[in-house]
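S.K.: test case, fold it:
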Amino acid sequence: MKRTWILLICCFVILFGTGCTSMWDSTMYKDKYVSHIILEDVKNGGEYSKTFRDHKRMNVFIDAIENGEELPGILSYSTEFWLSINFDDGSVEQFDFSLGTDDDIEGLLVNLINTHKGFAITIEDSNALREIIY
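M.R.: The predicted structure is shown next:
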């Protein structure tokens with residue numbers, strides 16, 4: 001009986017200590033796993049480029065996108081960054097992204113599939129993004 005308990009505990013530790021951590025430490029967007037996010041500075045000719053692979057920071061980007069409010073009408077905007085969400089299956093979703101450094105201003109996100117539709121990023125989410133970008 002004691003041997004059975006020891007065996008069960010060992011199996012439990014191995015199962016949850018190794019293989020299941022990726023399930024909890026994952027980033028999802030549109031029902032797909034995100035492998036990494038690339039941010040490129042457009043204004044400086046792509047001189048600044050940063051790749052985010054840790055789930056905590058990637059989730060800040062995904063939360064900002066999912067919380068964005070659609071803006072009415074056709075947009076006239078300038079792009080500050082190119083944002084690429086790269087998925088585990090090899091697909092990529094790309095955005096024009098403007099944030100600025102003023103913490104009282106909302107960010108702007110435009111999916112490159114439809115540049116006539118933009119989304120305002122809340123001030124709270126914009127400030128969280130500024131903390132990890134600047």
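S.K.: are we agreed that Glu70 is in a strand?
M.R.: Yes - counting by DSSP: H, G, I helix; E, B strand; the rest coil, Glu70 falls inside a strand.
S.K.: what's near enough to touch it?
M.R.: Contact analysis of Glu70 by C-beta atoms under 8 Å, 6 or more residues apart in numbering lists Lys117, Gly118, Phe119. From N, CA and C alone the C-beta is placed, and that goes for glycine too.
S.K.: in CSV, list the C-alpha atoms belonging to the helix or strand hosting the last one.
M.R.: So that's Phe119. Using DSSP states H and E, Phe119 maps to strand 118-121. As requested, the backbone C-alpha atoms of strand 118-121 are provided in CSV (Å, rounded to 0.1, in the frame of the first residue of the first chain):
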residue,chain,number,x,y,z
GLY,A,118,-8.8,50.6,-36.4
PHE,A,119,-9.0,49.9,-32.7
ALA,A,120,-8.3,52.3,-29.8
ILE,A,121,-6.2,50.7,-27.1
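S.K.: so what does it touch, helix or strand wise?
M.R.: The contact analysis (3 or more C-beta pairs under 8 Å, 6 or more residues apart in numbering; DSSP states H and E) places strand 118-121 against helix 55-67, strand 69-71, strand 107-111.
S.K.: run the last query once more with 10 Å
M.R.: The contact analysis (3 or more C-beta pairs under 10 Å, 6 or more residues apart in numbering; DSSP states H and E) places strand 118-121 against helix 55-67, strand 69-71, strand 92-98, strand 107-111, helix 123-133.
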